[in-house]
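In: give me a model of this one.
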Amino acid sequence: LGAILHLQMSAFPTNALPPCVAEGGAWPELLGGAPAAILPLDDNTMRAYTLLRDLEKRPAAVVEIRGPRLIHAMGLRTARVGRFMLTLVALVFVSAIVVLLRTLVSRPLANLRRDIDEVSASSGFSRRVPRRGPSELAGVAGHINRLLDLVAESNRFLDSIIENIPNMIFIKEARDLRFVRFNRAGEDLLGMPRAELIGRSDGDLFPKEQADFFLAKDREVLEGRKPLDVPEERLQTRGKGERILHTRKVPILDERGEPEYLLGISEDITEWKRLDEQRRAAEAEMQRLLDAARNSRRALLSVVEDQKRTQASLTSLSLHQEALLSAIPDIVMEVDARQVYTWANPAGLEFFGPDVIGRAASSYFVGEQPTGELVKPVFEGAREVVYVESWQYRRDGEKRLLAWWCRSLKNDRGEVIGAISTARDIT
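Out: This is a model prediction of the structure:
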């Protein structure tokens, strides 16, 4: 077998081992129980030793086998070449993957991101993301475009509502309180196109006193982070002079809860204020006439001999009152101390129906209302006019919001016998 494998084989008795065996490290390994010991002789030869034992398991001889190291050296070179080739193939594969990723993924993703940035920078969502690159990215672009179509449709719907609302609507940036949006009603009220309004502040558009008032209310809304109702504020316009507005201001917060914008909704109540002053004047005249009627009635009872003259005067006065009350377009109603209707002018009969006399005022209320508590001072003899707003049923069953101005009626002893009230439909 040694000859066939080109191996040199030698055997040495354990009591006559050569120095190369005894001192080369093979003998201690064999005595330690190793089945074999393999040692290099030089760069071209390797040695292997094994221990033979006798029948009593005692060391008897050492067999030495020497063989050329060429096969081992070729194996090492083959392994090194294999590792090098594997490393080279791995580098080529990784480079190819990187190039493919850049070509098929990174570059199309960069193009998609650039297209999205350009669409975001455009105004009114008019642009769309081009569908290019791999089918997956083209599908993403299609989904983004569909979302943009939905957003654009929602914006058009919202713009249509805002532009057709009769009240002035404006939006300011919370950072510097400059206008960023106005609707058509705001342009008409101020007498200025929105191009002159956008980007400017109250100080640029209105007198200093009015601008300071507007800015103070704006800061109050932004600091409090809750809506604010301003019942009356005066505004100097370009074509309509000074107007009186009823304004509601609302903070618009971002995802962190910080104010980002301020929304304002203003209603021009100038004409309503003028009509309210006329109504107050009519009420004062009506009260004067009612006082005169009561005085005339007392004079009639005290002076019997002047009965005919006083009766004629009272009749004339009553006709005058009826003519005046009939001419007033507002509702005028009288209730007794039990809050039961005892009289109504034509406007009141038209609203509540001819069967209103003798019915309780509360029978026309829509649901539970605190109106009874609000008008309680009237039936306690208060001299001031009490204002309340109440939802009530009209004769056709429709719910209407009425604004009431109520004042107590007293007899000659100063006792409250009911109340006289005027109302206006402010629905």
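
In: when you work out contacts or count neighbours from here on, use the C-alpha atoms and nothing else.
Out: OK.

In: need the three-state assignment for residue 257.
Out: What DSSP: H, G, I helix; E, B strand; the rest coil gives for residue 257 is coil.

In: run through the residues that contact it.
Out: Residue 257 sits next to no residue when contact means CA atoms under 8 Å, 6 or more residues apart in numbering.

In: what are the phi and psi values at it?
Out: In terms of degrees, to the nearest 10, the main-chain angles of residue 257 are phi 80, psi 10.

In: pLDDT wise, what is it at?
Out: Residue 257 is assigned a pLDDT of 89 by the prediction.

In: same question, the one 4 residues further on
Out: Confidence at residue 261, expressed as pLDDT, is 94.

In: hmm, residue 252 and it touching each other?
Out: Yes - applying CA atoms under 8 Å, one finds residue 261 in contact with residue 252, separated by 5.0 Å.

In: strands of the chain, start to end?
Out: In the chain, the segments counted as strands under DSSP state E are 8-13, 37-40, 45-53, 59-68, 168-173, 179-182, 228-236, 242-253, 259-268, 331-336, 341-344, 386-393, 399-410, 416-425.

In: could you dump these to JSON lines with distance to residue 82?
Out: Putting the strands of the chain into JSON lines (distance: least, CA to CA, whole Å) gives the following:
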{"stretch": "strand 8-13", "distance to residue 82": "32"}
{"stretch": "strand 37-40", "distance to residue 82": "24"}
{"stretch": "strand 45-53", "distance to residue 82": "24"}
{"stretch": "strand 59-68", "distance to residue 82": "23"}
{"stretch": "strand 168-173", "distance to residue 82": "69"}
{"stretch": "strand 179-182", "distance to residue 82": "71"}
{"stretch": "strand 228-236", "distance to residue 82": "81"}
{"stretch": "strand 242-253", "distance to residue 82": "66"}
{"stretch": "strand 259-268", "distance to residue 82": "66"}
{"stretch": "strand 331-336", "distance to residue 82": "106"}
{"stretch": "strand 341-344", "distance to residue 82": "111"}
{"stretch": "strand 386-393", "distance to residue 82": "94"}
{"stretch": "strand 399-410", "distance to residue 82": "94"}
{"stretch": "strand 416-425", "distance to residue 82": "98"}
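
In: out of those strands, which gets the lowest mean score?
Out: Ranked by mean pLDDT, these end with strand 37-40 in last place, scoring a mean of 73.

In: so which bits of it are buried?
Out: In terms of neighbour count (16 or more other CA atoms under 10 Å), strand 37-40 has its buried residues at 37-38.

In: stretch 242-255 too?
Out: Judged by neighbour count (16+ other CA under 10 Å), stretch 242-255 contains these buried residues: 243-253.

In: need the CA coordinates for that stretch. PDB is fine.
Out: Extracted in PDB, the C-alpha atoms of stretch 242-255 (Å, rounded to 0.1, in the frame of the first residue of the first chain):
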ATOM      1  CA  GLU A 242     -68.500 103.000   8.700                       C
ATOM      2  CA  ARG A 243     -70.300  99.800   9.300                       C
ATOM      3  CA  ILE A 244     -71.300  97.800  12.400                       C
ATOM      4  CA  LEU A 245     -70.300  94.200  12.400                       C
ATOM      5  CA  HIS A 246     -71.100  91.200  14.600                       C
ATOM      6  CA  THR A 247     -68.000  89.000  14.400                       C
ATOM      7  CA  ARG A 248     -67.100  85.500  15.600                       C
ATOM      8  CA  LYS A 249     -63.400  84.600  15.700                       C
ATOM      9  CA  VAL A 250     -62.200  81.000  15.900                       C
ATOM     10  CA  PRO A 251     -58.600  79.700  16.300                       C
ATOM     11  CA  ILE A 252     -57.400  76.900  13.900                       C
ATOM     12  CA  LEU A 253     -54.900  74.700  15.700                       C
ATOM     13  CA  ASP A 254     -52.200  72.400  14.200                       C
ATOM     14  CA  GLU A 255     -51.500  68.800  15.200                       C
END
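
In: ok, and what's touching that stretch?
Out: Under the criterion CA under 8 Å, 6+ apart, residues 218, 221-222, 225-237, 259-270 lie in contact with stretch 242-255.

In: how many other residues sit next to the closest residue to residue 59 other than its chain neighbours?
Out: Distance criterion CA to CA, 6 or more residues apart in numbering; nearest residue to residue 59, sequence neighbours excluded, is residue 53 at 4.5 Å. Neighbourhood size, residue 53 [other CA atoms under 10 Å]: 12.

In: just for the stretch 251-400 of the chain, where's the confidence low?
Out: For the stretch 251-400 of the chain, residues meeting the criterion pLDDT under 70 lie at 300, 303-327.

In: how about the helices of it, start to end?
Out: Counting by DSSP state H, counting those that start in this stretch, the stretch 251-400 of the chain has helices at residues 270-302, 307-327, 346-352, 371-374, 376-379.

In: now do the buried residues in the first one.
Out: It stands for helix 270-302. For helix 270-302, the neighbour count (16+ other CA under 10 Å) marks 270, 279, 283, 289-290, 293-294, 296, 300 as buried.

In: now the residues you listed in CSV, with distance to residue 210?
Out: Formatted as CSV, these follow (distance: CA to CA, whole Å):
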residue, distance to residue 210
270, 16
279, 28
283, 33
289, 41
290, 42
293, 47
294, 47
296, 51
300, 56
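
In: which member of those residues is positioned nearest residue 200?
Out: residue 270 (25.4 Å; CA to CA).

In: roughly how far apart are that closest one and residue 370?
Out: For residue 270, the distance to residue 370 (CA to CA, to the nearest Å) stands at 29 Å.

In: please apply the same query to residue 236.
Out: Taking CA to CA, one finds residue 236 at 38 Å from residue 370.

In: report how many residues lie close to residue 50.
Out: Applying other CA under 10 Å, we find 19 residues neighbouring residue 50.

In: would you check that it makes contact with residue 36?
Out: Yes - with contacts counted by CA under 8 Å, residue 50 reaches residue 36, the gap being 4.7 Å.

In: between the two, which contacts overlap?
Out: residue 30.

In: what about the closest residue in space to residue 182 that isn't next to it in sequence, how many neighbours?
Out: Distance criterion CA to CA, 6+ apart; nearest residue to residue 182, sequence neighbours excluded, is residue 170 at 4.6 Å. Residue 170 has 21 neighbouring residues, counting by other CA under 10 Å.

In: how many other residues sit next to the closest residue to residue 178 other than its chain neighbours?
Out: Nearest non-adjacent residue to residue 178, counting by CA to CA, 6+ apart: residue 201, 4.5 Å away. Other residues lying near residue 201 total 18 when counted by other CA under 10 Å.
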